[in-house]
Structures are given as C-alpha cells and as structure tokens.
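A.B. asks: fold the following for me, if possible:
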Amino acid sequence: MATPKTMLLNAFEMACPGHICHGLWTHPRDESHRYGDLSYWEDLARTLERGCFDGIFFADGLGIYDVYEGGYETVLREGVQVPRYDPMLIVPAMARVTQHLGFGITSSVTYEPPYLFARRMSTLDQLTGGRVGWNVVTGYLDSAARAVGLTGQPQHDDRYARADDYLDAVYKLWESSWENDALVLDRARRIHTDPAKVHHIRHEGPYYRIDGPHLCAPTPQRTPVIYQAGASDRGRQFAARHAECVFVMGPNRAVIGNVVRDLRHAVAQAGRDPHSVRIFAGINIVTGPTRAAAQTRFDEYCRYASPEAGLAHFSSTVGINFSTYGLDDPIVHVRNDSGQSALEAFTRRSPGKVWTVRQLLDTMKLGSRVHTFVGSPDEVADELEAWITEADVDGFNLIRTVAPESLRDFVDLVVPVLQRRGLLKTRYAAGTLREKLFGRTAALPTEHYGSQFRADTSAPHSEPGTPE
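C.D. replies: Okay, the predicted model is just below:
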C-alpha cells in the first residue's frame, strides 16, 4: 500500500468567545474569555508550533448574526462570534514568539478599498517574515452591509465579479509596482529608492480604480498565500483562478470528497495542476488517552454546548430563519445571496437524505454542524488518514471546542502518533509560508493567474541591502 501524503494542519480560530462550537465558553476550563489578552494568543501560538502546525487560520467577518428569530438577542446571549476583534492586530504578537507558524487572515473584498488592504497585508508579510495568507471572502451578511452604510449586500455572483476585479487590483500593487531591486539604500549617493524601478499603478476595473504606486517595497512573498472558502459554483470558478489553498466544510467525508473532486476538476479546467491547490477540511476532534476517556470528555462537553446557538449561527450563514420551521420540516436548497456552499453541503450534496431541523440540531451536540470525531489518539490518526485517502483532502482546519484544552490535547496526544506513522512532519522546512506549504519559491508560481502582473520576472526576490 502506498504511503499516504503528509498532512497539513491549521488551527481554526476567531478572536471571539464562541467561534464554531457554541456554548462551550460556559465550560469551567474554557479560557476563550481571554481572547482580548495577547498572552492568550502567544501561548496558543507556542503550542501550535510545538505541534508542527502549519498555521492558524483566523476566520473573521463584519456584521452580526440577526436572521434567527429576526434579531440578534440569542446571538448576544449565547456569545455567538460576538464580541469580536480584528485578527490582523493579533498576528504580530503571535509571530514574535514563533519562527515557523503561518497565519491565514480572513478579509472581505466588499468593504475595504484594495489600495488600503494591500498595504496592510504587505506590512504583515514583512513583519512576519513572509508567513501570511489571505482568506478571500466576499461577505454574506446583510447586517454587515448595513453597518458600513450600504442598503444591502451585492448579489452572490456579483460579489465574486467584484472579487475578481479586487484581486486584479491588489496583484498589480503587490507584483507590478516595485521591482525587486528598487531599494538601493545608498547613503553616499543619497539614493534610498531608485525612482525608475517604482511603477505607477493605474487600474480601471468595473468596480475598483487605483491611481498611484504601492506604498510598500517588495516583501518576502509579495503576494500572500491566497486562501478561499467558497465551494458554490461561482466560488469554484473563483478558486480555480486564484486559490492556492481552499477550506471546505461538510457533514462527513463522503460529502467532502464530492466537493474536493469538483474543486480539483475546476482547477484542472482552468489549466492548473489540480493538486497544486491545497484543500483543508474543517473537522472537530475530541480525544483522550483512551477511547473511553475521549467519550467521557465529549459527554462532558455536550452538557455545556448550545445546539440552539449553533442553529442561530447556521441561520445567518445560509440566510434562512430556522426558528420559523417545525422540527420535522424538510430543509431544501434555496437560492439566495448568503452562503451557498454551506447549504449545498446539507441538501444537494447529501444524495438520498432529506435534512430536517430536528436532524440538524441532532448533529449539533457540540453547538456546531461541523463533523466531530471522538476517539483515542490512534483512532483519531486512523480517521484523519481516511479523510486524506478517501476524500483527497490535503489537511485539516481543526475546530476548537474547549479552548485551549482541545488543541493542546491534540498536540500532546495525537501529533506524536501522526509523526510516528509518517503522516505529519517532525520539523519545519525553511522559508516563507508558501515555501513551506508547496516546497517552491516564495513568489507566486508562474502558472498562477496573479503571476502575469509581475513587473520583473528575470531576477529572484532578494532582501533589501544594508545602507552603505
């Protein structure tokens, strides 16, 4: 039997008390109330690097979940992703106490001009030594649109058209504005930057305009690693053009396997190697030294979880007020401008199964619709290996349950088993996040759509020189 590929691991996080497994902030050992304390994030970063995690994937978004029951009272009461801080401001502290851990940061193209965002990401890429990725999202909450002064969010497919234009704009800033050797730092000649090697960017797209040079010199990666998390038809088209990593979620590995197959096919249709994209599946792991210990811990967690809070979250994700449904009413696919791929995973991609609210709640024993596996370290390793081989994923975004206990348990108990089996690296490769994930140069590969905007392909990127 062939040896399975080495898996990739991210911790899936958000700077808030209740991220995916809702209600568990009430557990007496949970420390997520410290989400506003930098030492909390620094300690987590050290734990993840000790476990050879590739990164921490920060979800984020604007707006509040206000679809369930027509308001946000349940969301506030249950702490469903609110209060919530900006993860970009947390990353430098985590980078300072680690050497290798990567940072995937979610940011929407809908609510911030590309010129401002490009500078912020360049700053983070420089400060982290090239360890950042960008999870490109288009937003899906009307509450977010209203909060920033719009009457409503753009339509689902129109948001992706805007995203394509946004990506063109930031690629030009990151790849075209500054040549690799633009920084001179020559004190004797009083030349800091060679003006001939900094190019004025003029972007006249259907949605965005730029008229000026990028404010940042080339950073280790120039363009951050591009993540994407939409698996709708339009989302797959976007991923096929832009994504280097894709995050998928679903109720089981059979459903995820179908999603992965469609994604890889779309990437191939776009003229790229279908396995040049790294696909991460969201999964919940509850483990202990033995299966019995893991089950005991799961049962304990369930006593603190809130399935209703999970339903309130899911209502806003898919734009359906499930409080108006009877427990046994079927859930059918409804075309709207919210998260299409999440609803498809429970309807179109579950052949032969009709979901009801009762069944949905039953899957949310930990306040989450995410697939949960409970088992000993060896059983967890078996399960993850099965996802790698059967669903063709490249790795996992591990959801936190009781924080930081669940991730610490995984590092202490499961990681050694994975490493003994050759399923997980025992040490990090050198280089940037892109180099670590793909074993190639820090720059976008030539087959990537964004590489066409590169100003100078003749010279490799080099670090700025030392003032003479």
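A.B. asks: which helix or strand contains the nearest residue to K425 once chain neighbours are set aside?
C.D. replies: Residue nearest to K425 in three dimensions, not counting chain neighbours: C52, with 5.4 Å by Cβ to Cβ, 6 or more residues apart in numbering. From N, CA and C alone the C-beta is placed, and that goes for glycine too. Under DSSP states H and E, no helix or strand contains C52.
A.B. asks: L44: what's it in contact with?
C.D. replies: By Cβ atoms under 8 Å, 6 or more residues apart in numbering, the contact list for L44 reads A11, E13, I56, M94, P404, L407.
A.B. asks: beyond the lowest-mean-pLDDT helix or strand in the chain, next helix or strand please.
C.D. replies: Lowest on mean pLDDT, DSSP states H and E among the helices and strands of the chain sits helix 340-346, with a mean of 53. Counting by DSSP H and E, the element after helix 340-346 in chain order, helix or strand, is helix 357-362.
A.B. asks: which parts of that next one are buried?
C.D. replies: V357, Q359, L360, L361 (16 or more other Cβ atoms under 10 Å).
A.B. asks: assign the residue sitting furthest away from the middle of the chain to helix, strand or coil.
C.D. replies: Largest separation from the mean C-alpha position in the chain: A188, at 46.0 Å (Cα atoms, centre = their mean). At A188 the chain is in coil, as set by DSSP: H, G, I helix; E, B strand; the rest coil.
A.B. asks: any idea how far it lies from K197?
C.D. replies: Plainly put, A188 is 19 Å away from K197 if you go by Cβ to Cβ, to the nearest Å.
A.B. asks: check contacts around the residue nearest to K425.
C.D. replies: Counted by Cβ under 8 Å, 6+ apart, C52 has contacts L9, V415, Q419, L424, K425, T426, R427, Y428.
A.B. asks: just the buried members of these?
C.D. replies: Buried among the contacts of C52 by 16+ other Cβ under 10 Å: L9, V415, Q419, L424, K425.
A.B. asks: columns secondary structure, pLDDT and distance to L141 on top of the residues you listed, output as JSON lines?
C.D. replies: JSON lines is the format used below for the buried ones among the contacts of C52 (DSSP: H, G, I helix; E, B strand; the rest coil; pLDDT from 0 to 100; distance: Cβ to Cβ, whole Å):
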{"residue": "L9", "secondary structure": "strand", "pLDDT": "98", "distance to L141": "29"}
{"residue": "V415", "secondary structure": "helix", "pLDDT": "98", "distance to L141": "36"}
{"residue": "Q419", "secondary structure": "helix", "pLDDT": "98", "distance to L141": "40"}
{"residue": "L424", "secondary structure": "coil", "pLDDT": "98", "distance to L141": "36"}
{"residue": "K425", "secondary structure": "coil", "pLDDT": "97", "distance to L141": "37"}
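A.B. asks: any chance of CSV for the residues you listed, columns distance to H275?
C.D. replies: Shown next, in CSV, are the buried ones among the contacts of C52 (distance: Cβ to Cβ, whole Å):
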residue, distance to H275
L9, 18
V415, 25
Q419, 23
L424, 19
K425, 18
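A.B. asks: of all these, which two lie farthest apart?
C.D. replies: Taking every pair in the buried ones among the contacts of C52 and measuring Cβ to Cβ, the maximum separation is 11.4 Å, between L9 and Q419.
A.B. asks: all strands of this structure, in order?
C.D. replies: According to DSSP state E, the chain carries its strands in the segments 8-13, 55-58, 102-108, 132-137, 183-186, 191-193, 201-204, 209-212, 225-228, 245-248, 278-287, 372-375, 395-399.
A.B. asks: dump the ones you listed to a markdown table, plus distance to D66.
C.D. replies: Listed next are the strands of the chain as a markdown table, based on distance: least, Cβ to Cβ, whole Å:
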| stretch | distance to D66 |
| --- | --- |
| strand 8-13 | 23 |
| strand 55-58 | 23 |
| strand 102-108 | 17 |
| strand 132-137 | 19 |
| strand 183-186 | 48 |
| strand 191-193 | 48 |
| strand 201-204 | 35 |
| strand 209-212 | 33 |
| strand 225-228 | 26 |
| strand 245-248 | 24 |
| strand 278-287 | 24 |
| strand 372-375 | 27 |
| strand 395-399 | 23 |
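A.B. asks: so which of those strands is nearest P28?
C.D. replies: strand 278-287 (16.8 Å).
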